[in-house]
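Visitor: no sequence on hand, only this structure:
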DNA sequence: TGCCGAATGTCACGCAGGCGACATTTTTTG
DNA sequence: CAAAAAATGTCGCCTGCGTGACATTCGGCA
């Protein structure tokens, strides 16, 4: 169920939340009916699928590639809310709720997206109640993560914010390899800084400290975590 | 549509998000069918409807009163994610998604709650697609607010975090009286501090400053805002 | 293969705001 | 209606981390 990553304590630790591969939870005809009403679009690396402020009349499903959902803040910061992986839905929030896009959706790499018009999607939901429920699950899952991020921002210091970010990402998007967890999300220090609300330099410092202590390593922008040790680390307050 | 509060620029300013009174958007028989499968429960002020960690097999609709949804953090902080007002749904996230409750739900005052079992609710959704959609809207709305809070935490200083909190609360739960907006949520400085991630003393200081400048006043723990001025205030970065 | 821009490291300085320690006021409760 | 508890004000010290200013390394493209 959780692709390659067995979350150690999903019930007690809200950090570990299942990924939201929706397709895999659809029944075959829920899936094919969805395909039937959608248009497939291809995007190059770095292209925008939509911008904040756009009207937002479509829902999207990611078929391949990776998409970054973020807001940009009053000065220059890209606050990344989450990454989308294949099988995930995005852009639903603003379609269902009226007012325009609140966030930007930009590809991290070449991507293939299934794009569905608001009205058609609404009809689809009305006639596929199972699918509705699955999608609610995905929303719920995301809410949970957002709540977590919030708590994290509110009462942890920079060090622990970074550690928990790593754990959160591992839980959603990591693959276990031996006793390591590999994240295949390419992230710059700047992006990490933007996610946890700190300065780029601080990220550099904290990360190299963690590397030094052998808690994680970085292989061309891809992070590898000795999950267990890092977990212990994060439960300490300091 | 928005009870008594005309949001000035809902499209561009994500701060202004409609409240989520679900009942008012239901059709009469969507409503009565819902009542039919639920049990009404009464709670005294300060009672818990559920705790973080509970299994979470019920969805709740608030009929009257006020409920505080929060997580408590590694040391003592109550991080309030949102308040629920009559007509709002809560506890959905954890029912739809498996693992237990991620948050606490505690009444702020005597409250009347419609409580619905997971399985019954699922059936209800399956047979009432209109209702499903309305509920998705509510979730979407909440996601948006959470996203906003996040950005806010990540790149604003304490002063502006507090100001924006006020604006956010006004937008969702304020009632316009003349050119003021009244919030009828009783909040202590400590609670405010917990919401924006700062120290109680800092809240005291910032708030008295705002009072001094005539941007807001406090009438027995209820906050009144000169909305327009405060809005201007918040667009400044300092 | 070599160039150039982007990403990473490292350092010292300064200050926003956390924290403790109070006095004072308001609210609750017996 | 008094006593206890909770909430609000006010202050000063001290530290976590933001900021600017670099040097260094990486990696994509001509």
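Guide: Looks like it came in fine. Please read all numbers here as calculations on a predicted model, not as lab measurements.
Visitor: show me what from chain A comes close to DNA strand D.
Guide: Within chain A, the positions lying close to DNA strand D (C-beta under 7 Å from any atom of the strand) are A:157, A:158, A:159, A:197, A:198, A:199, A:201, A:202, A:220, A:221. Placement of C-beta: from N, CA and C, glycine included.
Visitor: tell me the most packed of these, by neighbour count.
Guide: The residue in the residues of chain A next to DNA strand D with the most neighbours, by other C-beta atoms under 10 Å in any protein chain shown, is residue A:197 (22 neighbours).
Visitor: next one: phi and psi at that residue?
Guide: Phi and psi for residue A:197, reported as degrees, to the nearest 10, are phi 70, psi 60.
Visitor: who touches it in this structure?
Guide: A:79, A:153, A:161, B:153, B:154, B:155 (C-beta atoms under 8 Å, 6 or more residues apart in numbering or on different chains).
Visitor: quick one: neighbours of the residue lying closest to residue A:81 once chain neighbours are set aside, just the number.
Guide: Nearest non-adjacent residue to residue A:81, counting by C-beta to C-beta, 6 or more residues apart in numbering or on different chains: residue A:69, 5.0 Å away. Here the number of neighbours of residue A:69 (other C-beta under 10 Å) works out to 22.
Visitor: wait, residue A:69 sits on residue A:85?
Guide: No. Look at residue A:69 against residue A:85 with C-beta atoms under 8 Å: they stay out of range, at 11.5 Å.
Visitor: could you chop chain A up by domain?
Guide: What automatic domain parsing lists as the domains of chain A is A:23-145, A:156-235.
Visitor: I'd like these laid out as JSON lines, including distance to residue B:125 and mean pLDDT.
Guide: Output for the domains of chain A, formatted as JSON lines (distance: least, C-beta to C-beta, whole Å; pLDDT from 0 to 100):
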{"stretch": "domain A:23-145", "distance to residue B:125": "6", "mean pLDDT": "89"}
{"stretch": "domain A:156-235", "distance to residue B:125": "25", "mean pLDDT": "86"}
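Visitor: turn the ones you listed into a markdown table, columns for distance to DNA strand C.
Guide: Listed next are those as a markdown table, based on distance: least, C-beta to the nearest atom of the strand, whole Å:
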| stretch | distance to DNA strand C |
| --- | --- |
| domain A:23-145 | 11 |
| domain A:156-235 | 3 |
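Visitor: moving C-terminal of the longest helix seen in chain A, what's the next helix or strand?
Guide: If you go by DSSP state H, chain A has its longest helix at helix A:129-155. Under the assignment DSSP states H and E, the closest C-terminal helix or strand after helix A:129-155 is helix A:158-173.
Visitor: still on that earlier bit, which strand residues bridge the residue nearest to residue A:81?
Guide: Beta bridges link residue A:69 to residue A:82, residue A:105, judged by DSSP bridges.
Visitor: enumerate every residue touching the residue sitting furthest away from the middle of chain A.
Guide: Residue farthest from the centre of chain A, counting by C-alpha atoms, centre = their mean, is residue A:127 at 28.2 Å. Contact analysis of residue A:127 by C-beta under 8 Å, 6+ apart lists A:33, B:129.
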